[in-house]
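J.: Predicted model, plus sequence, below.
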Amino acid sequence: METKPLNQILAPSSVVVSPNDIEVGGRYARTIFVTTYPRYLNTGWISPIINIDRELDIAFFIHPENSAEILKKLRDQLGKLEAEAMETQAAGKVRDPMLETGIGDIERLRDSLQQGTEKMFQVGVYVTLYGPTSLALNEAETAIRSILESQLVYTKPATFRMKEGYTSAIPLGLDQLAIQSSLNTEALSSMFPFVSYDLTHDKGLLYGVNLHNNSLVLFDRFALENANTVILGKSGGGKSYTVKLEILRSMMFGTQVFVIDPENEYKYLADMVGGTPVRISISSDDHINPFDLPKPRPDETTADVLRSHIVDLSGFFKLLLGAVTPQEDAILDEAIRQTYASRDITPDSDLTKIIPPLMTDFQSVLSGMAGTESLLIRIKKYTEGSFSGFLNNPTNVKLNNQLVVFSIRDMEDELKPAAMYLVLNFIWTQIRTELRQRLLVVDEAWLIMRFDAGGSFLFNISKRARKYYLGLTAISQDIPDFMNSQYGKPIITNSSLQILLKQSPASIDLVKDTFHLTDAEKFFLLEAQVGHGLFFAGTSHIAIRIVASYAEDQIITSDPRQLLEIEAAKRELEG
C-alpha cells in the first residue's frame, strides 16, 4: 500500500488567494498588522483582543537589536533634533513642544540602554482573523480595529500579501510579512499575551479558579444590573454541585434561599444546615393553597395584589387542566374572581383578616356557571379524586427558615409542571411581601418551560426579581427544551451571569450559536471535566474550575458512591 507524504495528508483541499483575504479549505482568513503605536502603551492593552469573542490568531515576532548600533543611531538622531532646536531658537521662533519631547525621550532611552536596564527590539504584531465568509471578516476587522484605535494603536490589512500574512500566523515561526516597529523592553512587556479578564471583585462569593491565570473568581451577583443566573450542562457535569456550593456560601452572608428540587438532591444539604425540607406530592402532609394572597406592599393596594394574583392563578389552571379554549379562559378568569368574592375578598378587603378559599369553593362557583361542563370534569380530580390531597387544603408550609427546599420528586410526572408553578407562585408571594436578599433556585427549569404558561411566569419573575432583591437561578440539563421555549433566550439575556458546564454533542451547536462561542470554547465544553466550564459575567467570560473545601464537599456532594461512604462512616462512628 502506497503511503502519502505527510504534507499531502495535512494540506487543505484548496487555497484561493485574493488581495483582501485567503480562502483555505472553505474557510476565509485575513491578516492585519500594527503600524503605529502611541507614545505610551498601557499594560495589557492587547488583552481585549485576546479575549474578544472572535476566532483569530495573534503572532508576535520579536527580533533583538544590537544596543551599540542603536546608541549610535540615537546619538545621530539626537544631534539632528538639537541642531533643529538651536536653529529655531536663533530665528526667534516659538519653541516646538514636540521637538522638546522627542529630545527628552531620546535622552532617557539612551540612558536606559547605556545602563543596561532597557534593550531595543524590532517587533511585528500580526492578527489573522477567520470566518465563514468575507463579509464576516469585514465585521471582525471593524470590531478589532475599533478596540485598538481607541487606544491609539493603528492597523492596516496586509493587502496583496495575504498568503504571507497567513503563513506568518501559523506556528512555523516564519515572519514572511516582516513589517516591524522599534520598541524598547518596557513597551514590549505591555504586550505580554498570557492575560485574561480578571473576575475578582473586592467582595462577593468565591466561585472557583480562573483557568487562564489561576486567579480566584470572586463575584457578587447582586452588584450587577440584576442578580439572575442561568446554568446549563449535561447530567453529571456539576450543575447541582456548583449551585449547592453557591447556596452554602451565600447563607454565610445571611442570604435566604428557596429551592425547587425535582430529584430530591438538596435534601441532604437542607438537613446538614438546619434547613426546611418540604415534600410536595399527592400523599404529603405539606400543603400549599393556590388561592393564598400576599400582603400588599406599602406602594400597592389590595386591588393591585388581587388583580396580579388572579392572572397568576389563570396560568396555574392552564397548566393544571391542560388546553383551554378562549371561552374557557374567560370563564376561568370570572370563576376565580367569584371564588374570592364568595369569601368576601374584594379589592377593598383587608388581606390580613381574610380566610382564603379552597379548590372546593372554586368547584362550587364553576358548577353555578354556564358552559363549564368540561372544566368541572377536569377539576373534580383535584377536589374529590385521587389528587385532592395535593391542592384542596389550607397552607401549612412556613417560609421563615434561611433555606427552604421544595422536593417534587414524588409528584406524578403529569403534575410536576403544575407543582413547580404552584411552588414558584407561593414563594413569589412571600418575596413580594418582605424585602430581603434572597436566591430562588429552579432546578431542571425545562420541566416548567415546556409550557407557555410556566415559561411566561418564570420569565416574569426574572424581569421583576431585581426590584425585590432576588436572584433567580435557572438550571437545565435538557438544553434543547429550555432553548426551544420562546422564553428560553429571553431568560438567558435577562441574566447577568451564565455558567456553561460540560455539554453533550447533541446540544453543543445550539449552545455555541446562543453564546457565540469559538470553536476552541466549543471543544473545551465537550471535553470539560466535572466542575469545569465557562463563566460569563456581563461582557466578559473566562474558563473556570469550581473549587470546594473538604468540609463543603462532604455537605454538597451528589455522588451516590460518596454519599454511601459518608453514611457508612456515620454508622461506624455511632456504633
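T.: Received, thanks. Numbers count the residues shown, from 1 in each chain.
J.: what's next to stretch 353-361, contact-wise?
T.: When contacts are defined by Cβ atoms under 8 Å, 6 or more residues apart in numbering, stretch 353-361 is touched by residues 289-293, 339-340, 342-345, 379, 382-383, 388, 391-395. Placement of C-beta: from N, CA and C, glycine included.
J.: ok, and for that stretch, which residues are buried?
T.: Of the residues in stretch 353-361, 354, 356-361 count as buried by neighbour count, 16 or more other Cβ atoms under 10 Å.
J.: From those, which land in strands?
T.: Taking DSSP state E, every one of those sits outside strands.
J.: can you list those residues in CSV and add pLDDT?
T.: As requested, the buried residues of stretch 353-361 are exported to CSV (pLDDT from 0 to 100):
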residue, pLDDT
I354, 84
P356, 88
P357, 90
L358, 89
M359, 87
T360, 89
D361, 90
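J.: how about those in CSV, adding distance to F222?
T.: Written out in CSV, the entries for the buried residues of stretch 353-361 read as follows (distance: Cβ to Cβ, whole Å):
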residue, distance to F222
I354, 34
P356, 33
P357, 37
L358, 38
M359, 38
T360, 42
D361, 40
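J.: so which of those comes closest to W446?
T.: Ranked by distance to W446 (Cβ to Cβ), those are led by M359 at 27.6 Å.
J.: Skip the chain neighbours and tell me the closest residue to the closest one.
T.: In this structure, M359 finds its nearest non-sequential neighbour in N392, 4.3 Å apart by Cβ to Cβ, 6 or more residues apart in numbering.
J.: same deal with D175?
T.: Once its chain neighbours are removed from consideration, D175 has its nearest residue in F61; the separation is 4.2 Å (Cβ to Cβ, 6+ apart).
J.: if I pick that neighbour, what's in contact with it?
T.: Applying Cβ under 8 Å, 6+ apart to F61 gives the contacts 123-126, 168, 175, 180.
J.: Kindly state the domain boundaries assigned to this protein.
T.: Listed by automatic domain parsing, the domain ranges of the chain are 6-65+119-189, 226-285+400-537, 289-394.
J.: for those, which one ends up most surrounded?
T.: Across the domains of the chain, averaging neighbours per residue (mean count of other Cβ atoms under 10 Å) puts domain 226-285+400-537 on top, at a mean of 20.
J.: Quick check: V94 vs E100, distance?
T.: V94 sits 12 Å away from E100 when distances are taken as Cβ to Cβ, to the nearest Å.
J.: picking up where we left off before, run me through the strand neighbours of the helix or strand the residue nearest to D175 falls within, direction for each.
T.: In this assignment (DSSP states H and E), F61 forms part of strand 56-64. Paired with strand 56-64 in the same sheet, following DSSP bridges, are strand 120-131 (antiparallel).
J.: Check the average confidence over the strand it pairs with, would you?
T.: When pLDDT is averaged along strand 120-131, the result is 91.
J.: change the start of the numbering to 43 and stick with it
T.: In the new count, where the first residue is 43, that last one comes out as strand 162-173.
J.: from the chain's centre, how far out does that strand sit?
T.: Remark: strand 162-173 is offset 31 Å from the chain centroid, using Cα atoms, centre = their mean, to the nearest Å.
J.: which residues are in contact with the next helix or strand along the chain from that strand?
T.: The C-terminal neighbour of strand 162-173 among helices and strands, as given by DSSP H and E, is helix 176-191. Outside of helix 176-191, the residues that reach it under the criterion Cβ under 8 Å, 6+ apart are 62-63, 70-72, 74, 76, 90-91, 94, 96, 98, 169, 171-173, 196-197, 199.
J.: what's in contact with stretch 599-617?
T.: Under the contact criterion Cβ under 8 Å, 6+ apart, stretch 599-617 has outside partners 282-283, 286, 307, 310, 596.
J.: for stretch 420-440, same thing?
T.: Applying Cβ under 8 Å, 6+ apart, the contact partners of stretch 420-440 are 318, 320, 322-332, 334, 362-364, 398, 400-402, 404-405, 408, 453, 457, 461, 464, 468.
J.: what's the helix or strand for I74?
T.: Using DSSP H and E, I74 sits within strand 69-78.
J.: coming back round to it: now go through the contacts of stretch 395-403 and say which are in helices.
T.: Applying DSSP state H to the contacts of stretch 395-403, the entries found in helices are 381-382, 384, 421, 430, 433.
J.: what's the closest of those residues to Y592?
T.: Of those, the one sitting nearest to Y592 (Cβ to Cβ) turns out to be L433, at 43.4 Å.
J.: Please save the CA atoms from the strand or helix carrying E614 in CSV.
T.: E614 is located in helix 602-616, with elements delineated by DSSP H and E. Written as CSV, here are the backbone C-alpha positions of helix 602-616 (Å, rounded to 0.1, in the frame of the first residue of the first chain):
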residue,chain,number,x,y,z
PRO,A,602,-24.1,8.3,45.2
ARG,A,603,-20.9,6.4,46.0
GLN,A,604,-19.5,9.3,48.1
LEU,A,605,-22.9,9.6,49.9
LEU,A,606,-22.8,5.9,50.8
GLU,A,607,-19.3,6.3,52.1
ILE,A,608,-20.4,9.2,54.3
GLU,A,609,-23.4,7.2,55.6
ALA,A,610,-21.1,4.3,56.3
ALA,A,611,-18.7,6.5,58.2
LYS,A,612,-21.5,7.9,60.3
ARG,A,613,-22.8,4.4,61.2
GLU,A,614,-19.2,3.4,62.2
LEU,A,615,-18.9,6.4,64.5
GLU,A,616,-22.3,5.8,66.1
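J.: What's the mean pLDDT across the host helix or strand of F524?
T.: Element membership for F524 (DSSP H and E) is helix 521-526. The pLDDT scores in helix 521-526 average 82.
J.: quick revisit: ok, V136 and E142, which is more surrounded?
T.: Taking other Cβ atoms under 10 Å, V136 and E142 do not tie; E142 has more neighbours (12 against 6).
J.: Helix, strand, or coil at the more buried one?
T.: Per DSSP: H, G, I helix; E, B strand; the rest coil, the secondary structure class of E142 is helix.
J.: pretty sure it is in contact with A127, am I right?
T.: Yes - counting by Cβ atoms under 8 Å, A127 is a contact partner of E142 at 7.1 Å.
J.: tell me how far the helix holding F524 is from the chain's mean position?
T.: The chain centre lies 16 Å from the centre of helix 521-526; the measure is Cα atoms, centre = their mean.
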